[in-house]
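Novice: What follows is a protein structure lacking sequence information:
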């Protein structure tokens, strides 16, 4: 591909990642001024390419390169620009850079894509900020609810509706819908595990996205006591109770052959009330259970509650799981993946098919009836941390495969 396309990738990654709240890594909260500023970077580059830029009521950004058949379903390509706190340089951002690089490849070659190519930059994909999954993409499709709009951001305590208004959106218009008409969506995204790195493969096609059951603000209440004075039989120790739950859920995970991941991602037993010489009477935690199978999620949720009942009786504590949030497992488009595989094969590539453990906007598009697929990019050092390590050449290789799929000699997707 041309130097201009490679510069597009480099420039977007460097300019977007220059926008961050203080701290290690990169922090652009959902519906924050930092996220909005990052969107303006994409707008500026899109306008320079001659793309038509628009935003919807949820403040998602769409940059359109008109195709030969404007009446045909468009090809939407992109990802998100918000991050977890102190996240990495590539989660979401690489997908947006790749989408812009694909548009630049058509523009630089003087080619018109077969259908409208729409660079898609969603808002609020990272559900760590609000207890709602796929906020921006669901807003774009008119699938958010009034209850979703009342969800409060973890750092500010203000509602989703308030934050949307702060950034120039209209939550009432989002709820009125109707949202985008189903079309095709391709999401480029770093893999958040080691499969491609271990295999030495630059990119892959994703066949499905795990769903999840989450309790974000669970609590164990025991009894505060003197660490030396309270005998074991008289203790209601919140930390021992938590340890019992962790080991029990790990045992259940180890005993199943089904697709499953269990994570206790946040644990808090360090309030001002905790001390060296005290039996802990309180502990906060979250649990995130993921699987590609809804029945497995139901089974593990039931086992979680069964173990809690047992531990409450044996330890003399009380659990409060709080509100549950849930996302559905989503199969992605085999047909669209086959088309991209054909385009990759013309370049001598043979990307594997694999499952995504993390949730992504492509799942929301698929659930809304879109022809949606993901392209995973090789990435080192895991994800949701400052050490993400994607090779820009791997992203360029994936963009090249998309250009091969939808270039002048290829048919538009049906």
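Specialist: In hand now; what should we look at? No experiment lies behind these values; they were computed from the predicted model shown.

Novice: CA only for contacts and neighbour counts going forward, please
Specialist: Noted.

Novice: if I pick residue 47, what's in contact with it?
Specialist: Residue 47 makes contact with residue 53, according to CA atoms under 8 Å, 6 or more residues apart in numbering.

Novice: Double-check that it belongs to a helix.
Specialist: Yes. Residue 47: assigned to a helix according to DSSP: H, G, I helix; E, B strand; the rest coil.

Novice: From residue 40, how far off is it?
Specialist: Applying CA to CA, to the nearest Å, the value for residue 47 to residue 40 is 10 Å.

Novice: Tell me how far the spatially closest residue to residue 221 that is not a sequence neighbour lies from residue 320.
Specialist: Spatially, and ignoring its direct neighbours in sequence, residue 221 is nearest to residue 282 (4.7 Å; CA to CA, 6 or more residues apart in numbering). The gap separating residue 282 from residue 320 is 11 Å, by CA to CA.

Novice: which one of these two has more residues nearby?
Specialist: Applying other CA atoms under 10 Å to residue 282 and residue 320 shows that residue 282 carries more neighbours, namely 24 against 13.

Novice: For the more buried one, give its distance to residue 242.
Specialist: According to CA to CA, residue 282 stands 10 Å off from residue 242.

Novice: element containing the residue sitting furthest away from the middle of the chain, please.
Specialist: Note on the chain: the largest C-alpha distance from the chain mean falls to residue 229, namely 47.7 Å (CA atoms, centre = their mean). Residue 229 belongs to no helix or strand when assigned by DSSP states H and E.

Novice: pLDDT score assigned to it?
Specialist: With respect to pLDDT, residue 229 scores 95.

Novice: what does residue 414 give?
Specialist: Looking at residue 414, its pLDDT reads 40.

Novice: Spit out the contact partners of the one residue sitting closest to the centre of the chain.
Specialist: With distances taken as CA atoms, centre = their mean, the residue of the chain nearest its centroid is residue 360 (4.0 Å). For residue 360, the contact set (CA under 8 Å, 6+ apart) comprises 125, 134, 209.

Novice: Buried by neighbour count: which residues of the helix or strand encompassing residue 13 qualify?
Specialist: In the assignment (DSSP H and E), residue 13 maps to helix 3-17. For helix 3-17, the neighbour count (16 or more other CA atoms under 10 Å) marks 5-6, 8-9, 12-13, 16-17 as buried.

Novice: hmm, who's touching that helix?
Specialist: Helix 3-17 is contacted from outside by 26, 38, 41-42, 89-90, 93-94, 97-98, 100-102, 104-105, 108, 392, 396, using CA under 8 Å, 6+ apart.

Novice: show me where the protein has helices.
Specialist: Secondary structure of the chain (DSSP state H): helices at 3-17, 33-49, 93-109, 135-140, 146-149, 160-166, 171-176, 195-199, 238-255, 294-315, 334-345, 361-367, 392-406.

Novice: Check which helices and strands the longest one is in contact with.
Specialist: The contact analysis (3 or more CA pairs under 8 Å, 6 or more residues apart in numbering; DSSP states H and E) places helix 294-315 against strand 211-221, helix 238-255, strand 282-291, strand 318-320.

Novice: how about CSV for these, with mean pLDDT and distance to residue 268 added?
Specialist: Shown next, in CSV, are the helices and strands packed on helix 294-315 (pLDDT from 0 to 100; distance: least, CA to CA, whole Å):
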stretch, mean pLDDT, distance to residue 268
strand 211-221, 96, 9
helix 238-255, 98, 10
strand 282-291, 97, 5
strand 318-320, 98, 14
